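Q: Quick check, what structure comes out for this input:
(2 chains)
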Amino acid sequence: DAGVTQSPTHLIKTRGQQVTLRCSPISGHKSVSWYQQVLGQGPQFIFQYYEKEERGRGNFPDRFSARQFPNYSSELNVNALLLGDSALYLCASSFGGNNSPLHFGNGTRLTVT
Amino acid sequence: GEDVEQSLFLSVREGDSSVINCTYTDSSSTYLYWYKQEPGAGLQLLTYIFSNMDMKQDQRLTVLLNKKDKHLSLRIADTQTGDSAIYFCAEKLNAGGTSYGKLTFGQGTILTVHP
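A: Predicted coordinates for the structure are as follows:
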């Protein structure tokens, strides 16, 4: 069975540009969460979506937005990119519910120059 | 508030046991997780434990939870060179029926296994 898939795997953008990252959850999973992992640190929670509704938001500026589609895939958008947005962006999926563990994809490595 | 702390480095010899420690601050944690991250890869779920359990064993992995001291540990028996990676512990809080996807991670422990 396919795991969580993310695209693209790597991306280079310039300051001020906009970027869209994509995630397909494991089949049957209805919840998708996004995390940012800066080099040398643990992942930081950005968003969670369940059944196409936002269910949680981390401490990130409004430049970050996301959505979930009817097929449960998700997109993360970041506007007006800053150098500090350079990171590994991880998507995780789960069935939803408190006892459902999160399964992560391999991430998208974003470099902002 | 939410805070998860881990020691940064651990070095062991192949065949020995590894013990990775983690402390957390929020007593409303419901589940605690261990993830493994290899270079250039995402996070691999290793195991997890519900907060009302003391211990969970899964093949070479043993998780111990001391809820009173808010201390979590992961023991890897017969450590192999392929176990070299970064190990993250993470807690999921009881968010009252919302935000099931939010985990708070520690900064990770770099495990190095020497032949």
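Q: give me every residue that touches the nearest residue to residue A:57 once chain neighbours are set aside.
A: Distance criterion CB to CB, 6 or more residues apart in numbering or on different chains; nearest residue to residue A:57, sequence neighbours excluded, is residue A:47 at 5.8 Å. Where you see a C-beta, it was placed from the backbone N, CA and C, and this is true even at glycine. Residue A:47 sits next to A:33, A:34, A:54, A:56, A:57, A:58, A:64, A:66, A:76 when contact means CB atoms under 8 Å, 6 or more residues apart in numbering or on different chains.
Q: at 7 Å what do you get?
A: The contact partners of residue A:47, by CB atoms under 7 Å, 6 or more residues apart in numbering or on different chains, come to A:33, A:34, A:54, A:56, A:57, A:66.
Q: Check residue B:89 too.
A: Taking CB under 7 Å, 6+ apart, we find residue B:89 in contact with B:4, B:6, B:22, B:32, B:33, B:34, B:72, B:106.
Q: Tell me what it is bridged to.
A: Beta bridges link residue B:89 to residue B:34, judged by DSSP bridges.
Q: And it, how far from residue B:71?
A: According to CB to CB, to the nearest Å, residue B:89 and residue B:71 sit 10 Å apart.
Q: before we move on, what about residue A:72?
A: Per CB to CB, residue A:72 is found 36 Å from residue B:71.
Q: okay, these two: which has more neighbours?
A: Neighbours were counted for residue A:72 and for residue B:71 using other CB atoms under 10 Å in any protein chain shown; residue A:72 has more, 21 against 13.
Q: Without its sequence neighbours, what residue ends up closest to the spatially most central residue of chain A?
A: Nearest to the geometric centre of chain A sits residue A:34, at 3.1 Å (CA atoms, centre = their mean). Distances taken as CB to CB, 6+ apart put residue A:46 closest to residue A:34, at 4.3 Å, once the chain neighbours are dropped.
Q: Remind me which helix or strand the one you found belongs to.
A: strand A:44-50 (DSSP states H and E).
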